[in-house]
Every structure is written in C-alpha cells, then in structure tokens.
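Asks: Predicted model, plus sequence, below.
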Amino acid sequence: MKISRTTSATVIAVLAAIGVGILLLIAVGAPPFEALSLLIEGSFGSASKMSATLLAWSPLVLAAAGLVVTFAAGLWNIGVEGQVIMGAIAASWVARSVPGPPAVVIPLTILAGAIGGLVWALLAGVLKTRFHVHEIFGGLGLDFVAAGLATYLVIGPWARAGQASTSGTDIFREEAWMPEVEAFGVGWPIIPIILGLVSVAIVWTLLRGTLFGLKLKAVGSNAYSSYLRGIPTNSYILGAMAIGGAFAGVAGTVQATAFHHKLVPAISGGYGFLAILVVLLAGFGAAAIAPISLFFVAISVGSTQLDLRLGLDSAFGGVLQGIIVLFVLFASAYAVKRPSGSLTPQKEP
Amino acid sequence: MALEIRDIHKHFGPVRASDGVTFTVEEGSLHGVLGENGAGKSTLMKILSGFYGADSGEILLDGKTLNLDSPATALESGIGMLHQDPLVFLPLTILDNFALGSPGPYRLDRKEARQELERVSAELGFSFNPSRLAASLTVGERQQLAITRLMWLGAKVLIFDEPTTGISATQRNQLFSTLRHLAEAGLIVMFVSHKLEEVEDLCDSVTVIKQGKVVFGAPMPIAPEVLVEKMFGQIFVEQDRVDAETGDTLVKVSGATLEMGTTHVEDLNLEVASGEVIGLAGLEGSGQRALLRACAGLLNPSTGSLMVGGKDLTKASYRDHLRAGVHYLPAGRLEEGLIQGVSISEHLVLASEDTSFFVDWGTAKQRAEQKIEDYSIKGIPTSNAEALSGGNQQRLLLSMIPDIVKLLLLEHPTRGLDVESAAYVWTRLLERRSDGTSIIFGSADLDELLRYSDRIIVFFAGSVFAIRNAVDLDGEELGYLIGGKERV
C-alpha cells in the first residue's frame, strides 16, 4: 500500500517535472519536443554517446553508493564532493609517480582513490564524533579545502612544465589510464562500469544482509536507543563515513584516470553533490541508484546537444534535474504525510 | 476581575488531558493547582498561556472571552506564564532579555527599556545590573527577571509552573513573598505544584485535578489528608503480594552525589539484595531518574561509589555496566528503547548475542515468531516498532532483555498499559527474581509500587525522604511521603 503510493507519487512527480520543463522551454522560446528528443539523442543516440554516458554514470553511481551508506547511518555527508576530489588527487599521485604496467598501476590508483576519500571522510567523522562539529559544516569546509588543494597542485607542484595553467596537469602516461574495450567501433569504459555495478551490489548486500548494516540502520534511526542497546554509535558513524568516503574516492579515481587522464581543478565534475540528489530520489536505498544515476547523467550529457543545436545553455540539464528532485521530494512528503494524519492531534474514534 | 475556565477539553490521541475542566479564580487570590504527575495540570496551564489550543471550551477574564492562540496573544490578553525552567536567553544581557517580546516588531529603545526595567524591578523589590549577561543569574534571579518582564508587559494573571524546583530555600521564601505581594496588588496568581506543604503555606484557595478533571475545589485551609486523598484517589492494595527470598547484597551505593539538570541528590546510600525489588516513589524530577541512570552507567556520581555484584562500577562506562549484567529500560519506549523504522525481527537480531557478519534472516524470522508467541506480542516479524501499541512495545522490550541479567532498572514499566498488559509485564519481571535478578523501578503509580516492591524509596526534592518496607505502608501514607510530609 505504502510502496505503491510512494511509487505512483514518484512517477507523477517526474511527469509533472517534465511538464514544467516543457513550459520552461516554451517560455524561453525553444521547441520543447525537439529539445527533449535532443536530450535523448545526445546521450543514447550513438555508440560513442552511450559510451560517454556510461563513463559519466560510473562516478555518479559510485558516489551515490557511498552516500547510501552514510545516509543509512543518519549522516548528511555533504563532504562527499571533497571526498571525490581527494580520491582523484590520491589516484593522480599514484598515476604520476608509480612506474610499472597497467596491471600494477591501475589497481593502485583505485586503492589510492579509496584511501584518499576514506581519509577525508574520516576527518569529517572525527570532527563530528570527537569535536561535535556537525558533518554538514565539517564536510562543507573540507570540500573547499579539497577543491583548493586540487587547484594548488594543478598550478603549483604538479604544473605542466613551463606553464602553470588551470587547464590541468600533464596527461598521465597511458599505462595509468583505465583501459577500454573496443565494441561497435568505439571504446567502452569497462572498468568504471564494473566498479559502478560492484559498488551497488556491495552496498545493497551490506545494508540488507549484514549485522553491520542493521546496526548502521539502527544508529541512523535512533542513535540514543542504539547506544542504550550497547551499539558503539561513534564507531559505526566513523565506519559509515569510511565506507562512504572510499566509494566517493573511487569515483575520483574514475574521473582522473578514465575521463580526464589528468588532474584538473574541477576534477569532481560536481558528481558528489549530484549524487546527493540521486540518493534523495532513490529514497536513500541502494536498489534504485543505478537507473536513477543513468537518468541523471543522460540529462547532463544530452544537454550539451541543446547548446550545440538549439543555442540553449547546457545548464538547462541541471535545471531539469533540480525540478525533478523538488517535485519528487514534494510528492514523497505528500505520500508519507497524508495517511498518518496532520500535525494537529487526532480526534478519538 | 475573575478568571473563568469553562468546560475545557483537550485530547492527545486517546488521552484526555483536559476533560471538561471548569473553575473560577477571583481577583487578588493566590490559587493552588494540585494534582499528581500526568493529572493534566501542565496541559491546562499551557492552554491558559496560549501554548496549546483547547479542543473546546472557553476562558474568560473580567467577563470577556479570550482568544488564546499563541503565547503572544495570551500575554496581550493579560495571561503570562513562568515556566519551570525560566525562559531566559543566557547569552543575552539582562536588559535584552527584558526588552525581548516587547510590543512592536522593529523598534528597540534600549534607553527606555532600561528605565522601565529599573522602575518595574524596584516596584517588585528586585535589583538587576542590566548590562550583565543573563547567564550570571541564579535560577531564582532568572525567575525574578521573568516576573519583571511579564509585569511590564501588563500581565494580570501570572501562572507559576512548579516554580520552586531548583531554587534555594532563601530564594523560595523571597519568591513566596513576591507572590503574596502580587496577589495583594490585585493580580491573579496561579501556583501549580504537587508539593502539599507549599500549597498549604501560600495559597488561599485550591483546585485539585485528577485525570483531566477537577475533582475538588475549596478555599484553604484544607486538611492535608483530604488533599492527598483527592490527588491520588483511594488506593486498595490486594494482599496477594509475593515475597521472594532475597540473597546477598548485589548493589551497593555509598555516599553518592548525583547531579542531573536541576536534580541534585546528595549522600545517597542504598543496598539492594539479589532478588529484591525496590520501588522508587516521588514526584517527577525528585531524583529517581538520577538514581536509575547512575546505576545504569549513564550518569557518573560526582562523589561516592557504586558496586554491582562485587565489582566497582563507580566510574565505569555504560557498556561496562551492560557487560556487568545491568540492563536499563527507560521510560521513552520509542525514544530510548526501540528504534522507529526497525522491525521486530531486526530488533531481536540487534538484541541477540549472535555476532556473525551476515544475518541469517530465516533464523531471525523464526526467532521473532517464537518471541511473539512467548510474549504474546500483537504483531508480525516485519512489523515496525512504531506500529505496535504501547503495551506491545513494552512486551517487545521485555523480550529483548538478555536471559542473564543481574540488575534490571525500569522506568515506569507499565505506564499507559491496560491492566492485563501491566499484570503480564510484572509476571515476566518477577519470574527473574528466582535467578537472583534484582529490580529497581521508578513509578508514579502508587498501587504498582506497593504491590510489587519489597522496599520503597521515597524521593522528595532531590533527596531520599524515606525508605520503607512496602508491607508496612499504605497508599495514604505513601501519598504523604511523596508530598514531603510524614503522617502525624
């Protein structure tokens, strides 16, 4: 009953959001249906576009998988953006400094990314558990530090020989690039796709099938009851941050070694923050993040076509994503609130 | 000018917190409102002061019906309330606290406010340094500041909710003389309390509320035994008490000082034998909760010691207490006991000592079905905690207590339960005595205390007022002790 209510509310909300998007397009004088079909064509219209979409899907779903864990523990891990950046920085360091064949370097870049994100997330976790700094503020602060560090490395110590520019470091040597698999005439980002799918499977299993996951859920739902039950709540908060940060860090690795092949200041691509929206839409569960992430990157990737073909700003994709999230949040609040009554005390039957 | 309360009704779900309350208070009187915990005093006062809207009924001042839809409109109508914890903003100066809530949204004239503060406080016989921070004031002085502010804002009715909690005897005397002075000046002063002595001392008329209804109203003086009977009702204790054999000393509290919020318990000494049931009586906030939490390891005593089963747990953590076999069931079943959004099966997995990494949900479901049957819980393994009724939540909590426990600490174990569920809860609890488990429980239900305790500890105003064997007590005497009086 409740599930069907929520699901139907979500479907109605997405349709309503698309309706508002169409109205917006009409308001700016663009042909709405052409624009929407360009969105689809731009993301799925050809093999190379699909490959690009999947390459963007991977870091988004990785970051979202990590956020599912931190949300389960009741944490607003706004620091996810910084964790993606630190993962990318750590992976770039390995890619730049570790010699050897791909079979050695690539696993190391993934590991380094995981550790980079994990350490950054634990910092926010320790700020919370030890110094009572709310994870939103600690995380947001650390986001800025990470972004500043990336820019500093790009124009400072890791600057390209002879020119310090914000366009990025030197391209990594090719052994450090995540290899692609040729099919249908284009290269497919097979490792990022596998990482994305594995992250969803791990998080789903962790939360569904393990005592750790159950305790995380308990801590996230009622930390005080959990503490009285004998669950070491702070350890679980730190554990959730570590796992969430590791996944976000791997998303950073994908950005650095599979997409840019170098470190750039905007290495995260905003996927950390976008992942928060994905998880909100997915109702904080692992099951739906893969398709929702795909839907979101399709809008992002496809909206570049709007710029090229219709002269619309590609920011329209972001606007559409935002509208969808707002509508779905309204709808789910409506679906949850209504049956259990309003805020006023109930009358006796 | 009289305050008329006419047929006020207010429900919270199935609870009738005010059930047709009607009474009148005359100008210039100091009126006591008495009642045991949960009788509905606070709800009524919150309706009067605009915090809650009543479901039905009306309130008249000076013959005019008042519109009380927020504390601000109540104050405009002349009704001001002083809360148990005075509402003072500690980081602000005394002057800013005073000027807060003055009429008009924009203009703040500190110079005028300062003059007004000096004028009004001088009339009341208080003195403040306006530029000091409110944090420097004692609780008693914060009350004085709040009174000054309410008087300046034109209050004609002042409601004091348990104002003597947490203030010194000198400050209490000063507060009482202020209250008398205010009443003489023609105000209506409502004094909400469950301390008989204070009401006897101060008030010139009294209303007793029980289960949301006015059960008694008369001018003072009234004999205290009459008030006790009106507050608590007639209490019959059946003679079917089961006294168990008690063993050696299990819990030993020596010279403990416990500080928790405004509660301050000093020099607490207590020995509990294994298999013994100790009932903690007293008004809310008198120190029972502090003792339970100290035994549970959630409140470290600032002095003194705590031994459980020969182990010194004085400075031990909560988890050390759990390991030592201490189990605590707090009053808030959904706030401090169960977890919303988590099912019966999942709760039992959390409570089990099984530590394997992957959860075997098949076994978990079987275990849940078994416990549901054993404890007659009305629910299925996938029911979430919040979907259960209060009685079934308590049954679930009971089913989660480990098999071997040395000391069980319970707060209001049967509050809100029907008679059958309450009897069931106690049957299961008392079964554990034969294994040598000691039970310490706090309750506001005198019948429960008398029926199930071996000894009863009565707390009054933060100290142990009396320790008695339950068999030697009756309801009337226990009522006296809770109100801070020995029966003469």
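Replies: Arrived safely, thanks for sending. Numbers count the residues shown, from 1 in each chain, chains lettered A, B, ... in the order given.
Asks: Could you use CA atoms for every contact and neighbour count after this?
Replies: OK.
Asks: and B:L61, what pLDDT?
Replies: Looking at B:L61, its pLDDT stands at 88.
Asks: same thing with B:L322?
Replies: For B:L322, pLDDT reads 91.
Asks: Can you report how many residues neighbour it?
Replies: By the criterion of other Cα atoms under 10 Å in any protein chain shown, B:L322 has 19 neighbours.
Asks: Which is the succeeding secondary structure element to whichever strand or helix holds A:K49?
Replies: Taking DSSP states H and E as the criterion, A:K49 maps to helix A:47-72. Using DSSP H and E, the helix or strand that follows helix A:47-72 in sequence is helix A:80-97.
Asks: mind listing what's buried in the helix holding A:K49?
Replies: Neighbour counts using 16 or more other Cα atoms under 10 Å in any protein chain shown place A:47-72 of helix A:47-72 among the buried residues.
Asks: and that helix with chain B, contact?
Replies: No - judged by Cα under 8 Å from any Cα of the partner chain, helix A:47-72 makes no contact with chain B; its nearest approach is 11.6 Å.
Asks: Could you list every helix and strand that that helix packs against?
Replies: helix A:32-44, helix A:80-97, strand A:186-188, helix A:190-209, helix A:211-221, helix A:233-254, helix A:271-281, helix A:289-305 (3 or more Cα pairs under 8 Å, 6 or more residues apart in numbering or on different chains; DSSP states H and E).
Asks: what's the pLDDT at B:T249?
Replies: On the pLDDT scale, B:T249 gets 87.
Asks: so who does it touch?
Replies: B:E271, B:V272, B:A273, B:S274, B:G309 (Cα atoms under 8 Å, 6 or more residues apart in numbering or on different chains).
Asks: beta partners of it?
Replies: B:T249 forms beta bridges with B:A273, as assigned by DSSP bridges.
Asks: any idea how far it lies from B:L408?
Replies: The gap separating B:T249 from B:L408 is 15 Å, by Cα to Cα, to the nearest Å.
Asks: Return the residues of chain A in contact with chain B.
Replies: So chain A meets chain B at A:209-212, A:214-215, A:217-218, A:221-222, A:224-226, A:228-230, A:345-348 (Cα under 8 Å from any Cα).
Asks: just the buried members of those residues?
Replies: The neighbour count (16+ other Cα under 10 Å) marks A:209-212, A:214-215, A:217-218, A:221-222, A:224-226, A:228-230 as buried among those.
Asks: Number of residues surrounding B:T355?
Replies: Residues lying near B:T355 (other Cα under 10 Å) number 12.
Asks: Verify the stated contact: it with A:L214.
Replies: No - if you go by Cα atoms under 8 Å, B:T355 and A:L214 don't touch, sitting 11.8 Å apart.
Asks: where does the spatially closest residue to B:S302 that is not a sequence neighbour land in three-state SS?
Replies: Leaving aside its chain neighbours, B:S302 sits nearest to B:T257 (5.5 Å; criterion: Cα to Cα, 6 or more residues apart in numbering or on different chains). Secondary structure, DSSP: H, G, I helix; E, B strand; the rest coil: B:T257 is strand.
Asks: was I right about B:T257 contacting B:N300?
Replies: No - counting by Cα under 8 Å, B:T257 stays clear of B:N300, with 9.1 Å between them.
Asks: contacts for stretch A:26-38?
Replies: For stretch A:26-38, the external contacting residues (Cα under 8 Å, 6+ apart) are A:I22, A:L23, A:L25, A:G302, A:S303, A:Q305, A:L306, A:L310, A:L312.
Asks: Neighbour-wise, which one of those leads?
Replies: Greatest neighbour count in the contacts of stretch A:26-38, by other Cα under 10 Å, goes to A:S303: 28 neighbours.
Asks: Let me see the contact set for it.
Replies: Contacts here follow Cα under 8 Å, 6+ apart; on that basis A:S303 touches A:L38, A:L39, A:G42, A:S314, A:A315, A:F316, A:G317.
Asks: Chain B: which of those is nearest?
Replies: Of all those, chain B sits closest to A:G317, with 35.2 Å by Cα to the nearest Cα.
Asks: For that closest one, list the residues it contacts.
Replies: Here A:G317 is in contact with A:I299, A:S300, A:G302, A:S303 (criterion: Cα under 8 Å, 6+ apart).
Asks: so what's the second one closest to, chain neighbours aside?
Replies: This means A:S300. Per Cα to Cα, 6+ apart, closest to A:S300 is A:G317, 5.4 Å.
Asks: before we move on, the earlier item: out of the contacts of A:G317, which is nearest to chain B?
Replies: Nearest to chain B among those, with distances taken as Cα to the nearest Cα, is A:I299, at 33.8 Å.
Asks: the domain parsing of the chain - what is it?
Replies: Picked chain A for this. A:1-30+A:313-339, A:47-311 (automatic domain parsing).
Asks: meant chain B actually
Replies: Chain B is divided into the following domains under automatic domain parsing: B:2-231, B:234-325+B:404-488, B:341-401.
Asks: Including distance to A:A95, could the ones you listed go into JSON lines?
Replies: Below are the domains of chain B laid out as JSON lines (distance: least, Cα to Cα, whole Å):
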{"stretch": "domain B:2-231", "distance to A:A95": "53"}
{"stretch": "domain B:234-325+B:404-488", "distance to A:A95": "46"}
{"stretch": "domain B:341-401", "distance to A:A95": "35"}
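Asks: Quick check: which of those domains is nearest to A:S8?
Replies: Closest to A:S8 of the domains of chain B is domain B:341-401 (Cα to Cα; 21.6 Å).
Asks: Between the two ends of that closest one, how far is it?
Replies: One end of domain B:341-401 sits 20 Å from the other (Cα to Cα).
Asks: what's the average pLDDT for that domain?
Replies: Here the average pLDDT along domain B:341-401 is 89.
Asks: Would you mind listing what in chain B touches chain A?
Replies: So far as Cα under 8 Å from any Cα goes, chain B lies against chain A at B:11-14, B:318-319, B:322, B:328, B:335-342, B:346, B:349-351, B:355-361.
Asks: In PyMOL, how would I select just the buried ones from those residues?
Replies: Buried residues within the residues of chain B next to chain A, by 16+ other Cα under 10 Å, are selected in PyMOL with:
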select buried, chain B and resi 11+318+319+322+328+336+337+338+339+340+341+342+346+349+350+351+359
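Asks: Which of the residues of chain B next to chain A fall within helices?
Replies: Secondary structure from DSSP state H places B:Y318, B:R319, B:L322, B:E346, B:V349, B:L350, B:A351, B:W361 of the residues of chain B next to chain A in helices.
Asks: give me the low-pLDDT residue ranges for the stretch 1-150 of chain B?
Replies: For the stretch 1-150 of chain B, applying pLDDT under 70 flags the ranges B:13-15, B:37-38, B:101, B:103-106.
Asks: Strands of that one, residue ranges please.
Replies: Secondary structure of the stretch 1-150 of chain B (DSSP state E, counting those that start in this stretch): strands at B:2-12, B:15-26, B:30-34, B:56-61, B:64-65, B:79-82.
Asks: what does the second one rub up against?
Replies: In other words, strand B:15-26. B:1-11, B:31, B:39-40, B:43-44, B:57, B:188, B:207, B:211-214.
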